[in-house]
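Participant: Next input, structure requested:
(2 chains)
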Amino acid sequence: MDPIAVTCENRPGVPQALTVTQLAHVIRDTIRANPILSRILVRGEVSNLQRAPSGHVFFTLKDATAQLSCTLFREDAEMLGFDLEDGMDVVVSGDVDVFPRRGSVQLLIKAATPAGVGAFWAAYQKTRKKLAAEGLFDAARKRSLPAYPRKIGVVTSEVGAVVHDIVTILRRRYPIAHIVIAPALVQGPEAPASLRRALAFVADRVDVVIVARGGGSLEDLWCFNDEGLARAVAASRAPVVSAIGHETDVTIVDFVADVRAATPSAAAELVSPDATELMARINGAGRSLVAEIHEALRGARDRTKALRERLSPRGLQRGVEANRVLLERSFAALSAVAPREVIRNRERLEGLGRRLDVLSPLATLQRGYAIAEREDGHVVAHAAEVGSGDSLAVRFQDGRIRVHVNQEQEEP
Amino acid sequence: MTEEPNFEESLAALEATVDALSRGDLPLDRALAVFEEGLGLYRRCHAILAESEQRVTKLIAAAEGLIEEPFLVE
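Facilitator: As a prediction, this is how the structure comes out:
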């Protein structure tokens, strides 16, 4: 059907207005019929790139004065061999088409190659594939970071915000660690060699290394796609955290690093425990220590009480009672202190330890008391328990003797 | 690697003394000894964390080899 020939049936000869759909189809068919608009090559800069969940990729191809919507279907996107990104200078091939539903002219892209920085990208792809094939990106290779690094290496420019941010965050979170800055050039043709050298210098003397750079253009970040640098990162003795450019920039070094951080600040947080949490843990342990020794002392007090009940001779009882009072007092003193104070009162605690020794039955013997036991080991606490002719053992501090009872219950 | 007191080991040892005490099966003299040890570790961990002043150095390749010199931020 030729839509332009459509006429009004009621008024023969008078042209009828087209529907929007009809017009859109006219435009589409006109464009599709024009061989110049098929299988064309277009060069421009990628912008507004969006990846749909379906896998299709949508973006705008632009130059200084014009722009064109582009669609790359999933099957074609998968064959691309590299990831399109905003700002990328590309040459695309495809067909111009019209989507009547949106009334828009689109470039249906079949293939694309990097242009301008394309040489970089070709190298990037080559390196990425090569190192991936060697297994350098494998998750199994990734090392975990030390929980409490003593020395943290930082490979970056010694000027600018990155080194400042990293040091500031580490100072706040984990002042224990010693930071070793290994200065390096982070852009330009000399950068890869400079970064490799800095990494080699620092990796053997620290527990973990941050390799960082602030945001920049594709060309600025290019040195972090260097194959030699990537291999040096993979071979580093200390685990490496990479933080290069913005979160959307992914360099070869990021693939090889043990951990990739979104930003230099995030890298600093990843390598350091939080001192506030650690202090809470230490204080918690201190409180537990005191609580546990309370418990142990309470047990000792209870045992002393039991002992007192079993040892009735008054002199012995007085001795035990005196010690019990001492223990109670020490116990109360200990209860009143927080860990900090406990430390200040360390000497007092040592004294407490000595006093507690005095409470043991053996210490009682050392003070000159003896304990009478029946043959079965039962401690004789009352004179009434013993009859004439009984055999007893009397325990002294240096041994026991056997005695025979020849007279019952004498008045004290 | 460094001569610094090892914070990680001290913290682990501190928590080990708490565990040992919390089992409650130690004789009193031993419990007191463990308590003392724990207090020492507590004090040490506390001091390391509270009193550490961060060292920041810069690695430089000099004629005599690699040297570290103080690095000032700001």
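Participant: what about stretch A:194-214, average pLDDT?
Facilitator: Averaged over stretch A:194-214, pLDDT sits at 95.
Participant: mind listing what's buried in that stretch?
Facilitator: Residues A:194-199, A:201-203, A:205-214 are the ones in stretch A:194-214 that count as buried (16 or more other Cβ atoms under 10 Å in any protein chain shown). All C-beta spots, glycine's among them, are computed from the backbone N, C-alpha and C.
Participant: Tell me, what's the model's pLDDT at whichever residue of the stretch 151-300 of chain A sits closest to chain B?
Facilitator: The minimum distance from the stretch 151-300 of chain A to chain B, using Cβ to the nearest Cβ, falls at residue A:292 (3.6 Å). As predicted, residue A:292 sits at a pLDDT of 87.
Participant: And for it, the neighbour number?
Facilitator: By the criterion of other Cβ atoms under 10 Å in any protein chain shown, residue A:292 has 23 neighbours.
Participant: That one - that's part of a helix, no?
Facilitator: Yes - judged by DSSP: H, G, I helix; E, B strand; the rest coil, residue A:292 forms part of a helix.
Participant: Tell me if I'm right that it and residue B:25 touch.
Facilitator: No - counting by Cβ atoms under 8 Å, residue A:292 stays clear of residue B:25, with 11.7 Å between them.
Participant: Ramachandran coordinates for the most centrally placed residue in chain A?
Facilitator: In chain A, the residue lying closest to the centroid (Cα atoms, centre = their mean) is residue A:270, at 4.9 Å. Note on residue A:270: backbone dihedrals following degrees, to the nearest 10 are phi -70, psi -30.
Participant: The residue of the stretch 151-300 of chain A closest to chain B: what's its closest spatial neighbour, skipping adjacent residues?
Facilitator: Nearest non-adjacent residue to residue A:292, counting by Cβ to Cβ, 6 or more residues apart in numbering or on different chains: residue B:21, 3.6 Å away.
Participant: Would you map the strands across chain B?
Facilitator: B:55-62, B:65-70 (DSSP state E).
Participant: Dump the longest one to CSV, restricted to CA.
Facilitator: What follows is strand B:55-62, C-alpha atoms only, in CSV (Å, rounded to 0.1, in the frame of the first residue of the first chain):
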residue,chain,number,x,y,z
ARG,B,55,53.8,6.8,61.8
VAL,B,56,53.7,7.9,58.2
THR,B,57,56.8,7.5,56.1
LYS,B,58,57.8,7.9,52.5
LEU,B,59,59.8,5.3,50.8
ILE,B,60,62.7,6.7,48.7
ALA,B,61,65.2,5.0,46.6
ALA,B,62,68.6,6.5,47.5
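Participant: Would you mind getting the angle between it and strand B:65-70?
Facilitator: 150 degrees (axes from the mean of the first three to the mean of the last three Cα atoms, to 10 degrees).
Participant: how about low-confidence regions in chain A?
Facilitator: A:1-14, A:79-82, A:114, A:116-120, A:122-123, A:188-189, A:219, A:307-368, A:408-412 (pLDDT under 70).
Participant: so when I look at residue A:286, I'm seeing a helix, right?
Facilitator: Yes - read with three-state DSSP, residue A:286 is one of the residues of a helix.
Participant: That one contacts residue B:42, doesn't it?
Facilitator: Yes - here residue A:286 reaches residue B:42: they are 4.5 Å apart, a contact under Cβ under 8 Å.
Participant: more crowded one of those two?
Facilitator: Taking neighbours as other Cβ under 10 Å, residue A:286 and residue B:42 compare with residue B:42 leading, 27 against 24.
Participant: Quick check: the gap between residue A:62 and chain B.
Facilitator: Applying Cβ to the nearest Cβ, to the nearest Å, the value for residue A:62 to chain B is 41 Å.
Participant: Also residue A:52?
Facilitator: With Cβ to the nearest Cβ as the criterion, residue A:52 and chain B are 45 Å apart.
Participant: do residue A:370 as well
Facilitator: Separation of residue A:370 from chain B (Cβ to the nearest Cβ): 23 Å.
Participant: from what I can see that residue touches residue A:398, true?
Facilitator: No - at 10.7 Å, residue A:370 does not count as touching residue A:398 under the criterion of Cβ under 8 Å.
Participant: Between those two, which has more neighbouring residues?
Facilitator: Between residue A:370 and residue A:398, counted using other Cβ under 10 Å, residue A:370 has the larger neighbour count: 16 against 7.
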